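Student: Just to be clear, the model below is a prediction. Sequence and coordinates:
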Amino acid sequence: MRDSESALDIVQEAMMRLSEKYGDRPMEEFPPLFQRILQNAIRDHFRRSKARSFWTTFFSALLPSSRDPGEEDTDPLDLLEAPRTGKLAETPHEALEQAEILAIIEEEVARLPLRQREAFLLRYWEDMDVAETATVMGCSEGSVKTHCSRATHTLAAALKGKGITL
């Protein structure tokens, strides 16, 4: 890990999982259990980062490139849905184009099967992790991952088919 804060968060999360799920086990079992839990937490972190990076990059490409260099990085989804304040589009044509693209994205998300749409919105719009999403949806973490993967592939193909590319 290159980010020490993320590394500490991952270790803390792994320790919490160990104590919550395996606290009743003998002390001798803790080292291998903790190692496996930590490995899984690291994999989850990188998977989440990869998925978030994909959507952040995709939606960032839809925003105008003429933002203030000193402006703090923000979630591109927030910027797309923000009221038109002049920061998003410099011309009426750009504002119309952004509104049309957002409408297409919303339309394609609405066409997703219910469980895929639910998983996608909870994970990427509500920024929940896999465990939180699984709890809300009442399914396994593996199901959440499958639904999200299918949703992102379906959306990417639909948007590409409508001529929206990076």
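Tutor: Structure received.

Student: what about residue 162, how many neighbours?
Tutor: Neighbour count for residue 162, taken as other Cβ atoms under 10 Å: 13. C-betas here are computed from N, CA, C, even on glycine.

Student: Kindly list the main-chain dihedrals of it?
Tutor: Main-chain torsions, residue 162, degrees, to the nearest 10: phi -90, psi 10.

Student: Skipping its backbone neighbours, what lies nearest it in space?
Tutor: Once flanking residues are discounted, residue 162 sits nearest to residue 104: 5.9 Å by Cβ to Cβ, 6 or more residues apart in numbering.

Student: what does residue 33 give?
Tutor: The spatial neighbour of residue 33 that comes closest, neighbours along the chain excluded (Cβ to Cβ, 6+ apart), is residue 22 at 5.3 Å.

Student: what number of residues lie near that neighbour?
Tutor: 14.

Student: Could you do the one 3 residues further on as well?
Tutor: Residue 25 has 11 neighbouring residues, counting by other Cβ under 10 Å.

Student: just residue 134 next, same as before
Tutor: Neighbour count of residue 134, defined by other Cβ under 10 Å: 19.

Student: That one and residue 140 touch, don't they?
Tutor: Yes - shown here, residue 134 and residue 140 form a contact pair, counting by Cβ atoms under 8 Å, at 6.0 Å.

Student: Low-confidence ranges, the protein, go.
Tutor: Applying pLDDT under 70 to the chain flags the ranges 1-2, 50-90, 165-166.

Student: What ranges does it have for its helices?
Tutor: Remark: helices assigned in the chain by DSSP state H are 4-22, 30-60, 76-81, 92-111, 114-120, 130-137, 141-161.

Student: Ranking those helices by mean neighbour count, which comes first?
Tutor: helix 114-120 (a mean of 19; mean count of other Cβ atoms under 10 Å).

Student: Please write out the alpha-carbon positions of it in CSV.
Tutor: Taking C-alpha atoms only, helix 114-120 is exported to CSV below (Å, rounded to 0.1, in the frame of the first residue of the first chain):
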residue,chain,number,x,y,z
LEU,A,114,-33.7,-4.4,-10.5
ARG,A,115,-31.0,-6.2,-8.5
GLN,A,116,-28.2,-4.9,-10.8
ARG,A,117,-29.6,-1.4,-10.5
GLU,A,118,-29.9,-1.6,-6.8
ALA,A,119,-26.3,-3.0,-6.3
PHE,A,120,-24.9,-0.4,-8.8
